[in-house]
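Q: fold the stuff below for me.
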Amino acid sequence: MKDPLKIPRMPKEEYDSLIKRQHVSRIAFAAAEHPYIAPFMYVFDGKYLYFLSTKYGRKIEYFKANPKVSVEIEEYAPDLSEFAFVSLQGNLEEVCESAKKKEVRSLFVDMISKNGLSPRVLSALGHSPGEPIEKIAQEERSLVWKLVGVKDIVALKNG
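A: Here you go, the predicted model:
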């Protein structure tokens, strides 16, 4: 019997590039009886991943109970002929410093504009789709989280 084919690992430069190209992740929270996974847009400053979270929902309860999470970011061709993903295990930490929160929110405004995202994504950040996206940077309707203490990174691609 043949050994199964192993998917090749990606070097740091490649998975950093994947993280920079994408803007949607999935975060798995460990605080419930079963893991809870939810999609989150993110920005990457070259060192840290930052997320905006609405101030309601199960994720708040799970974050407060246990900040240990797994974050997954993927990229694939529509027919799945090519795919890559990176999974990072670490801790979410709330950013509380006002200037840093405003800086991160501004990065989100830039990311949404640069990628031509629909105004409907604003609802995932606590804003109405009819509002100007600059409101994200001007108001604090969402929490700012940062991924820290990354203990393990798995980054694989098929080609």
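Q: name the single longest strand found in the protein.
A: When the chain is parsed with DSSP state E, its longest strand is strand 142-157.
Q: buried residues in that strand?
A: 142-147, 155, 157 (16 or more other CB atoms under 10 Å). For glycine as for every other residue, the C-beta is placed from the backbone atoms N, C-alpha and C.
Q: turn those into a markdown table, columns for distance to residue 65 and pLDDT.
A: Formatted as a markdown table, these follow (distance: CB to CB, whole Å; pLDDT from 0 to 100):
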| residue | distance to residue 65 | pLDDT |
| --- | --- | --- |
| 142 | 20 | 91 |
| 143 | 15 | 94 |
| 144 | 19 | 96 |
| 145 | 15 | 97 |
| 146 | 18 | 98 |
| 147 | 18 | 98 |
| 155 | 28 | 92 |
| 157 | 34 | 91 |
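Q: output those residues in a markdown table, with distance to residue 110 appended to each entry.
A: Below are those laid out as a markdown table (distance: CB to CB, whole Å):
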| residue | distance to residue 110 |
| --- | --- |
| 142 | 16 |
| 143 | 19 |
| 144 | 15 |
| 145 | 18 |
| 146 | 17 |
| 147 | 19 |
| 155 | 25 |
| 157 | 27 |
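Q: which SS class is residue 16?
A: Three-state call for residue 16 (DSSP: H, G, I helix; E, B strand; the rest coil): helix.
Q: any idea how far it lies from residue 79?
A: For residue 16, the distance to residue 79 equals 26 Å [CB to CB, to the nearest Å].
Q: which one of the two has more residues nearby?
A: residue 16 (16 against 6; other CB atoms under 10 Å).
Q: quick one: contacts for the more buried one?
A: 44, 46 (CB atoms under 8 Å, 6 or more residues apart in numbering).
Q: make 58 the first number, not 1, from now on.
A: Fine by me, first position is 58 from now on; the one you just mentioned is residue 73.
Q: chain neighbours aside, what residue packs nearest to residue 207?
A: residue 147 (3.9 Å; CB to CB, 6 or more residues apart in numbering).
Q: by contact count, what packs against the lengthiest helix in the chain?
A: Ordering each helix of the chain by length in residues (DSSP state H) puts helix 155-171 first. Using 3 or more CB pairs under 8 Å, 6 or more residues apart in numbering; DSSP states H and E, the elements in contact with helix 155-171 are strand 93-101, strand 106-111, helix 192-195, strand 199-214.
Q: for the second one, which strands pair with it and how are they oriented?
A: Just to be clear, that refers to strand 106-111. The pairing partners recorded for strand 106-111 under DSSP bridges are strand 93-101 (antiparallel), strand 199-214 (antiparallel).
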